[in-house]
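J.: One predicted model, sequence on top.
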Amino acid sequence: MPPSAPLVSGRDLLSRSHDSTTREQFEDSDDTDFITLMRAFAFAKSNRFSFSACRSNGINAQVARQVDETHKQILHIAHQQRLYDRKSSYPPNEQALLRCLMAGFVDQLAKRRNPGKPICDLTEQREGQLVRESVVQDTPYFVTANMHQVPSRGLGSLTLLSLATTVKPEWIAEMFPQHLSSTVEHLFDPKNKRVGAMKLVRYLDLVIEEKAQQNDLDPIESGRCLAEAQRSGAFDLPLMDHRVKEFIARVDLLAASMPELEFVPFDEPAITACLARAFKGLTLVKDAQAAKLLSAFHRHLEKGQIEWLNELLPASLPWLDKGTIQISYLNSTPQAQVKLQECWALEEHPSLCEGQLPLTLSLSPPKGKAIATTTDWPKFLLREWRKHRPIMQKKFPGHVWR
């Protein structure tokens, strides 16, 4: 076993199953669990690592002997880091010890998610939970010397953090400035339903400081932040209405039907980009909900493509001598509802995309719901109409049915 292992595996030095009041006699700091271990070690050493004396106080005498060498190593590191003068009296001042321990375990820096709660975030997108035996129960930042995976009630496992030591953010800036980065980012505040600019200071990838920067709001970034929040379900968008959804469906259908025209379909990033354009310069949800959207979605297309879209997949078609019929594209195929009787005058089935895409006709009687749909009217007359004629003649005797 390496000399440092007994100290880092502090549960072996002090038994967790022993009477808690016995453990408390060694607790003399709220800032680090190592003080507890050092006091327990000092007790064992003063009693010449007596098995009976150690056992009655919850100390593993054999581990305490191994810790003796580790103890000397910590003082050596502290001296190298100029945190402890060997000529000074023992023990070193507590702040020097805390800094030394932070330097040794800074790659396991933890940030508490909520004050006084055990769940923490660490670097490399990790998370963990501080053990309840730790004396470090209030500080927002600490380093942990021991990380242990245990089965969790949910899926996966839980990382337990122990042997914690308080860290002050300014110590990180003083000792590890090369690992700090600062950015201004736009974040959505769901409580106040608005976007705010925040200055985020990170140690590696762990955010250790947040500060509001309302004067640094960027109109483009604030719009994108609102758009991303909306797409994640943070708020409803009433003006994402039928017209916008029809436009999206038409573009997607034309991109699939005539790829040679190089229309770009609306995937999730494209929709977010269109909303970001519509929300440019906005910070409040209520303003985003009032923003006009259709023109922003039109800008998804290249110059001239709107005309192609309107020609190949129009929103409406001339219909015999009855004016026009509206076309719906929301069900992945273009569809129009027409009166069955009007179709007697059809000479050929209507189509879109220069004849490549037949229009689905939803055939309705004089009153009531559609009785059938067809993408081939002549074929419908030949093969299916005879099944519907008796029903229509019975329900609507005053009408002429072929």
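T.: Perfect, thanks for sending it.
J.: I figured residue 63 hits residue 15, correct?
T.: No - using C-beta atoms under 8 Å, residue 63 makes no contact with residue 15, being 10.3 Å away. C-betas here are computed from N, CA, C, even on glycine.
J.: between the two, who's got more neighbours?
T.: Between residue 63 and residue 15, counting by other C-beta atoms under 10 Å, residue 63 is the more crowded of the two (24 against 15).
J.: Against residue 177, how distant is the residue nearest to residue 107 when sequence neighbours are not counted?
T.: Once flanking residues are discounted, residue 107 sits nearest to residue 123: 6.9 Å by C-beta to C-beta, 6 or more residues apart in numbering. In this view, residue 123 and residue 177 are 16 Å apart by C-beta to C-beta, to the nearest Å.
J.: Once you drop chain neighbours, what's closest to residue 266?
T.: residue 248 (4.7 Å).
J.: So the one you found lies in a strand, does it not?
T.: No - in this structure, residue 248 is helix, not part of a strand, as judged by DSSP: H, G, I helix; E, B strand; the rest coil.
J.: can you count the residues close to it?
T.: Residue 248 has 20 nearby residues by other C-beta under 10 Å.
J.: That one against residue 267, yeah?
T.: No - taking C-beta under 8 Å as the definition, residue 248 is not a contact partner of residue 267, at 10.5 Å.
J.: center of this structure, which residue is that?
T.: Of all residues in the chain, the one closest to the mean position by C-alpha atoms, centre = their mean is residue 232, 8.7 Å from it.
J.: pLDDT value on that residue, please?
T.: According to the prediction, residue 232 has pLDDT 97.
J.: Could you report the separation of it from residue 192?
T.: For residue 232 relative to residue 192 (C-beta to C-beta), the value is 17 Å.
J.: same deal with residue 281?
T.: 18 Å.
J.: which ones are touching residue 191?
T.: By C-beta atoms under 8 Å, 6 or more residues apart in numbering, no residues touch residue 191.
J.: what does residue 366 give?
T.: Per C-beta under 8 Å, 6+ apart, neighbours of residue 366: 339, 341, 396, 399.
J.: Separate out the buried members of those.
T.: 341, 396 (16 or more other C-beta atoms under 10 Å).
J.: farthest pair in the contacts of residue 366?
T.: Farthest apart among those by C-beta to C-beta are 339 and 396. That separation is 11.4 Å.
J.: what sits in contact with each of the two?
T.: By C-beta under 8 Å, 6+ apart, the residues touching both residue 339 and residue 396 are 365, 366.
J.: what about the helices in the stretch 251-400 of the chain?
T.: Counting by DSSP state H, counting those that start in this stretch, the stretch 251-400 of the chain has helices at residues 268-278, 285-290, 294-298, 305-312, 377-383, 385-395.
J.: can you pull the buried residues of the third one?
T.: It refers to helix 294-298. Buried residues in helix 294-298, counted by 16+ other C-beta under 10 Å: 296, 297.
J.: measure stretch 312-326 end to end?
T.: 14 Å (C-alpha to C-alpha, to the nearest Å).
J.: Where does pLDDT dip in the stretch 1-150 of the chain?
T.: 1-12, 16-23, 28, 68-93 (pLDDT under 70).
J.: show me where it has strands.
T.: Using DSSP state E, counting those that start in this stretch, the strands of the stretch 1-150 of the chain run over 109-112, 119-122, 127-130, 141-151.
J.: got the CA positions of the third one in CSV?
T.: Extracted as CSV, the C-alpha positions of strand 127-130 are listed here (Å, rounded to 0.1, in the frame of the first residue of the first chain):
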residue,chain,number,x,y,z
GLU,A,127,-21.7,14.6,-9.8
GLY,A,128,-21.5,13.2,-6.3
GLN,A,129,-23.0,13.2,-2.8
LEU,A,130,-21.1,14.2,0.3
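J.: Show me what it pairs with in its sheet, parallel or antiparallel.
T.: Here strand 127-130 has these sheet partners by DSSP bridges: strand 119-122 (antiparallel), strand 157-166 (parallel).
J.: mind checking which of those strands is nearest residue 318?
T.: Closest among those, using C-beta to C-beta: strand 119-122, at 62.2 Å.
J.: How about the closest one, which residues are buried there?
T.: Within strand 119-122, the residues scored as buried using 16+ other C-beta under 10 Å are 120, 121, 122.
J.: What of stretch 329-347?
T.: For stretch 329-347, burial by neighbour count (16+ other C-beta under 10 Å) applies to 329, 334, 335, 336, 337, 338, 340, 341, 342, 343.
J.: Ok, stretch 150-159 next?
T.: residue 159.
J.: and residue 176, what does it touch?
T.: Taking C-beta under 8 Å, 6+ apart as the definition, contacts of residue 176 comprise 106, 203.
J.: sorry, back to before: right, so the strands of the stretch 1-150 of the chain: which one is the most enclosed?
T.: Of the strands of the stretch 1-150 of the chain, the one with the most neighbours on average (mean count of other C-beta atoms under 10 Å) is strand 109-112, at a mean of 22.
J.: And the strands in the stretch 301-402 of the chain?
T.: 316-318, 324-326, 335-339, 351-352, 357-358, 360-364, 372-374.
J.: Rebuild the ones you listed as CSV, extending it with distance to residue 39 and mean pLDDT.
T.: Output for these, formatted as CSV (distance: least, C-beta to C-beta, whole Å; pLDDT from 0 to 100):
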stretch, distance to residue 39, mean pLDDT
strand 316-318, 85, 94
strand 324-326, 83, 95
strand 335-339, 80, 95
strand 351-352, 83, 96
strand 357-358, 82, 96
strand 360-364, 82, 96
strand 372-374, 83, 95
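J.: For the ones you listed, give me TSV that also has distance to residue 58.
T.: Below are the strands of the stretch 301-402 of the chain laid out as TSV (distance: least, C-beta to C-beta, whole Å):
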stretch	distance to residue 58
strand 316-318	84
strand 324-326	82
strand 335-339	78
strand 351-352	82
strand 357-358	80
strand 360-364	79
strand 372-374	80
